[in-house]
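A.B. asks: With the sequence up front, the predicted model follows.
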Amino acid sequence: MIRTILLTTVAAVLIAGPVLAQSPDVAGEARARRILERTPLIDGHNDLPWALRQGHGNDPYAVDLTANLDATTDLHTDIPRLRAGGVGGQFWSVYVPATLTPTEAARETFEQIDTVKRIVAAHPDTFELAVTAADVERIHRRGRIASLIGMEGGYSIDDSLGLLREFFDAGARYITLTHSRTTTWADSATDAPKWGGLSPFGEQVVREMNRLGMMVDLSHVSEDTMMDAMRVSDAPVIFSHSSARAVTGHARNVPDSVLRLMPEDGGVVMVTFVPGFVSETVRAWNAARAAEDARLKSLNPGNPQAVADGLTAWQTAHPIPHAGIADVVAHIQHVRDVAGIDHVGLGGDFDGVDALPDGLEGVDGYPRLLAALIANGWTDADIRKLAGENVLRVMRAVEAVAESRKGERPNLAVIAVEGAPE
């Protein structure tokens, strides 16, 4: 979820040129859809609950999710497009901002979990809650979309392993250890480090997640946190929505040093579609715009209108570039090349960003992406692993670790106050 981070680019996105036309690969898309009839496509991260909270009164009935909403709203997700995209399992993100106090974040995350359950209850013929790999497979066989819950930001547990357990009992099956800010126990990729990875309490969080059967999600965390979490966790880790840093040099992406460890870890990197993460040209444009924004603010203190006017002029002279399906394919291919075919998946971040690559503007775009991979020589077996088999394998492995520890008592560790950094 990076909508709040990208707000400064919204105006630029809106004034960008028209979406480039895609040449349809009808045969490839049909082949992809046939594969997805038997193998659930499981997306690692969709922020529809947050989009409903922000723009529609947190009410699943405020918009008609049974209709295609592409032309009438800015939503990327609705039931017709999910069906057209062949989505068989969806991790709904229960994001809340890192700017909240931990207590506020805990409350609002529980509210977001309630939103997911209300979405499912509003459309029982389409959605069904899932908490295990077996649930996903069973629900997919019934022709419904398995709805899983993923928490985005470890600050929501309010430094309490008791709350962690309550979130698990409420249905959450992964936690992204940080979001945009370093927390009291883990370093973020996009903030100053405090711990050099995980604090001692952060290690206890990972261990308790293992005991419960909750996946450790390393999107948004620093490279040191990635390494620490993989060292501590006895279960495979996931990246619910990250791409490859060697292809696009953004701190949110996964470096090759970590990708090379994935075969030993057993985890999966679910490649995201965020333009600034998949296109080096877009990333560089975002950085240049941020620099211009800082320059204008330094020249015009206390004059926000001058800053806004200056940015408008800069954006007119420097139109935002577009990302495309080929950019996403490059990241998927790189993860495969370095980590292996068993360690790559998909995590679009739909409804968590304000712009998406051409051809992937909504959740109906998955067959187009898979067709592009097929055209590059990917076999049906490869596509099945990417689409859902890899994630299901990780889920089963996490569940097996929890089963092996079901006799252990709950962890009662608390965060140390003395010695914590200022």
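C.D. replies: Looks like it came in fine.

A.B. asks: which residues of the chain score low on pLDDT?
C.D. replies: Applying pLDDT under 70 to the chain picks out residues 1-23, 417-422.

A.B. asks: How are the strands of it distributed by residue range?
C.D. replies: 41-46, 87-93, 127-129, 145-152, 172-176, 215-217, 238-239, 268-271, 344-346 (DSSP state E).

A.B. asks: is it possible to export the ones you listed to JSON lines including distance to Ile383?
C.D. replies: Every residue, glycine included, has its C-beta placed from N, CA and C. As requested, these are exported to JSON lines (distance: least, Cβ to Cβ, whole Å):
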{"stretch": "strand 41-46", "distance to Ile383": "9"}
{"stretch": "strand 87-93", "distance to Ile383": "13"}
{"stretch": "strand 127-129", "distance to Ile383": "24"}
{"stretch": "strand 145-152", "distance to Ile383": "19"}
{"stretch": "strand 172-176", "distance to Ile383": "23"}
{"stretch": "strand 215-217", "distance to Ile383": "23"}
{"stretch": "strand 238-239", "distance to Ile383": "19"}
{"stretch": "strand 268-271", "distance to Ile383": "14"}
{"stretch": "strand 344-346", "distance to Ile383": "11"}
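
A.B. asks: could these go into TSV alongside distance to Arg165 and mean neighbour count?
C.D. replies: Converted to TSV, those look like this (distance: least, Cβ to Cβ, whole Å; neighbours: other Cβ atoms under 10 Å):
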stretch	distance to Arg165	mean neighbour count
strand 41-46	23	29
strand 87-93	20	28
strand 127-129	18	19
strand 145-152	13	26
strand 172-176	10	26
strand 215-217	15	29
strand 238-239	20	31
strand 268-271	25	32
strand 344-346	27	27
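
A.B. asks: Tell me which of the ones you listed lies nearest to Thr115.
C.D. replies: Nearest of these to Thr115, taken as Cβ to Cβ: strand 87-93 at 8.4 Å.

A.B. asks: Report how many residues lie close to Leu412.
C.D. replies: 9 (other Cβ atoms under 10 Å).

A.B. asks: quick one, what contacts it?
C.D. replies: Leu161 (Cβ atoms under 8 Å, 6 or more residues apart in numbering).

A.B. asks: returning to what we had before: just tell me which of the strands of the chain ends up closest to Arg53.
C.D. replies: strand 87-93 (11.3 Å).

A.B. asks: Can you give the contact residues for the closest one?
C.D. replies: 1, 36, 39-50, 82, 116, 119, 130, 136, 139-140, 145-152, 173-174, 240, 347, 352, 363, 366, 388, 391.

A.B. asks: could you redo the last one with a cut-off of 7 Å?
C.D. replies: 1, 36, 40-50, 116, 130, 136, 140, 145-150, 152, 240, 352, 363, 366, 388 (Cβ atoms under 7 Å, 6 or more residues apart in numbering).

A.B. asks: and the angle for it with strand 145-152?
C.D. replies: Inter-element angle recorded for strand 87-93 and strand 145-152: 30 degrees (by axes from the mean of the first three to the mean of the last three Cα atoms, to 10 degrees).

A.B. asks: Next, count neighbours for the nearest residue to Tyr366 once chain neighbours are set aside.
C.D. replies: Closest residue to Tyr366 apart from its sequence neighbours, by Cβ to Cβ, 6 or more residues apart in numbering: Gly85 at 4.3 Å. Other residues near Gly85 number 26, with proximity taken as other Cβ under 10 Å.

A.B. asks: Equivalent analysis for Glu389, please.
C.D. replies: 20.

A.B. asks: so it makes contact with Thr39?
C.D. replies: Yes: if you go by Cβ atoms under 7 Å, Glu389 and Thr39 touch, sitting 6.4 Å apart.

A.B. asks: ok so, going back, of all the strands of the chain, which lies closest to Thr72?
C.D. replies: It's strand 41-46; of the strands of the chain, that one is closest to Thr72 (Cβ to Cβ) at 19.1 Å.

A.B. asks: Pull out the buried residues from stretch 153-167.
C.D. replies: For stretch 153-167, the neighbour count (16 or more other Cβ atoms under 10 Å) marks 153-161, 163-165, 167 as buried.

A.B. asks: Inside helices: which ones of those residues?
C.D. replies: Judged by DSSP state H, the subset of the buried residues of stretch 153-167 located in helices is Leu161, Leu163, Leu164, Arg165, Phe167.

A.B. asks: what residues are up against the third one?
C.D. replies: Just to be clear, that refers to Leu164. Leu164 makes contact with Ile157, Val205, Glu208, according to Cβ under 7 Å, 6+ apart.

A.B. asks: For stretch 384-404, buried residues please.
C.D. replies: Within stretch 384-404, the residues scored as buried using 16+ other Cβ under 10 Å are 384-395, 397-399, 401-402.

A.B. asks: Distance of Glu389 relative to Ala133?
C.D. replies: 10 Å (Cβ to Cβ, to the nearest Å).

A.B. asks: ok, now Val87?
C.D. replies: For Val87 relative to Ala133 (Cβ to Cβ), the value is 17 Å.

A.B. asks: can you check Tyr95 too?
C.D. replies: Taking Cβ to Cβ, one finds Tyr95 at 24 Å from Ala133.

A.B. asks: Over to Gly162?
C.D. replies: Gly162 is 27 Å from Ala133, by Cβ to Cβ.
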